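Asker: 3D, please:
(one chain, ligands or ions: 1)
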Amino acid sequence: MTRLTRLTRLTRLTRLTRLTRLTRPASSWRERAREDVAAVLLRDPAARSRLEVVLVTPGLHAVWLHRLAHVLWTSGPAGRLPARLVAHWARRRTGVEIHPGARIGRRLVIDHGMGVVIGETAVIGDDVLLFHGTTLGGRVVTVDDQRQARRHPSVGDGAVVGAGATVLGPVHVGRGARVGAGAVVLVDVPDGATAVGVPAKVLPARLQVPQEPSGA
Ligand SMILES: CC(C)(COP(=O)(O)OP(=O)(O)OC[C@H]1O[C@@H](n2cnc3c(N)ncnc32)[C@H](O)[C@@H]1OP(=O)(O)O)[C@@H](O)C(=O)NCCC(=O)NCCS
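Answerer: Now for the predicted structure:
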């Protein structure tokens, strides 16, 4: 092999390695899928095996389909309709409606699934647990000036939202916070605090919240 050929091959290899590094996500789809399954096993006492979780957990299917829809949504204007179609199909299959624009962290567990609604500008951190019937919705019912605005809640790492709870508007549910079943949350919930009732009242914080937030 001549020196020139070797040099050309080396340059190509370096370019390829750089490109792979740039395009590779923080972790592969397979790794993310594995940790999603592990998260369900950890948080759902009724789940017995990985196979069972993969086959019959609608919340997990909804999260996986959302990942696909979100990639399409963020790929540009041409991806918007396909993204909405994937989300629509996911809703029919799982009973969970997640707008493809919603940003969702790692290891989200949606227990039971049915009736969960997550709006377009919602942001969910890592290790969040949502029960069925959770709504992360907009508070204002008119569309004027609302299309571009952030109008949905953000939920911090490790937060839990109970069955049938409704969180409305661009409020923040803090890291490690808990929203009681059936609550209607209209104000921020501090890290580690519990909010219950309609409208939700925030009880004093009792939990030690972990460090290193994911940004949600
Ligand atoms: C809020 C929740 C997380 C409990 O948190 P906690 O810190 O252990 O709170 P406690 O049980 O000590 O209750 C604190 C107070 O809130 C009240 N409370 C608890 N959950 C409530 C709820 N969902 N709605 C209204 N009040 C509630 C309690 O009665 C108690 O009131 P008191 O101090 O006047 O007696 C829990 O009750 C809850 O709602 N979990 C959701 C779980 C779920 O959705 N499961 C569905 C499985 S299918």
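Asker: Spell out which parts of the chain neighbour the ligand.
Answerer: 131, 162-163, 178, 180-182, 194, 196-197, 203 (Cβ under 6 Å from any ligand atom). For glycine as for every other residue, the C-beta is placed from the backbone atoms N, C-alpha and C.
Asker: Recalculate using a threshold of 8 Å.
Answerer: For the chain, the contact set with the ligand under Cβ under 8 Å from any ligand atom comprises 111-112, 131-132, 160-165, 178-183, 194-197, 203, 206.
Asker: Helices along the protein, start to end?
Answerer: Using DSSP state H, the helices found in the chain span residues 3-23, 29-43, 50-56, 58-74, 80-94.
Asker: For His172, which of those is the nearest?
Answerer: helix 58-74 (20.9 Å; Cβ to Cβ).
Asker: what sits up against that closest one?
Answerer: 29, 32-33, 36-37, 40, 53-54, 79-80, 82-84, 86-87, 89-90, 93-96, 98, 100-104, 108-114, 116, 130 (Cβ atoms under 8 Å, 6 or more residues apart in numbering).
Asker: Would you mark the buried spots in it?
Answerer: Buried residues in helix 58-74, counted by 16 or more other Cβ atoms under 10 Å: 58-70, 72-73.
Asker: again, but for stretch 103-122
Answerer: 103-113, 116-122.
Asker: Now do that stretch: distance from first to last residue.
Answerer: 6 Å (Cα to Cα, to the nearest Å).
Asker: The residue nearest to Leu168 when sequence neighbours are not counted: neighbour count?
Answerer: Leaving aside its sequence neighbours, Leu168 sits nearest to Arg139 (Cβ to Cβ, 6 or more residues apart in numbering; 4.2 Å). Neighbour count for Arg139, taken as other Cβ atoms under 10 Å: 13.
Asker: got the contact list for Arg139?
Answerer: Applying Cβ under 8 Å, 6+ apart, the residues near Arg139 are 151, 168-169, 186.
Asker: can you tell me which of those are in strands?
Answerer: Per DSSP state E, strands hold the following members of the contacts of Arg139: Leu168.
Asker: any chance of the contacts of Arg139 in JSON lines, with neighbour count and pLDDT too?
Answerer: Formatted as JSON lines, the contacts of Arg139 follow (neighbours: other Cβ atoms under 10 Å; pLDDT from 0 to 100):
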{"residue": "Arg151", "neighbour count": "18", "pLDDT": "93"}
{"residue": "Leu168", "neighbour count": "20", "pLDDT": "98"}
{"residue": "Gly169", "neighbour count": "16", "pLDDT": "96"}
{"residue": "Leu186", "neighbour count": "16", "pLDDT": "98"}
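Asker: of all the contacts of Arg139, which comes closest to the ligand?
Answerer: Top of the list for closeness to the ligand, among the contacts of Arg139 and by Cβ to the nearest ligand atom, is Leu186 at 15.1 Å.
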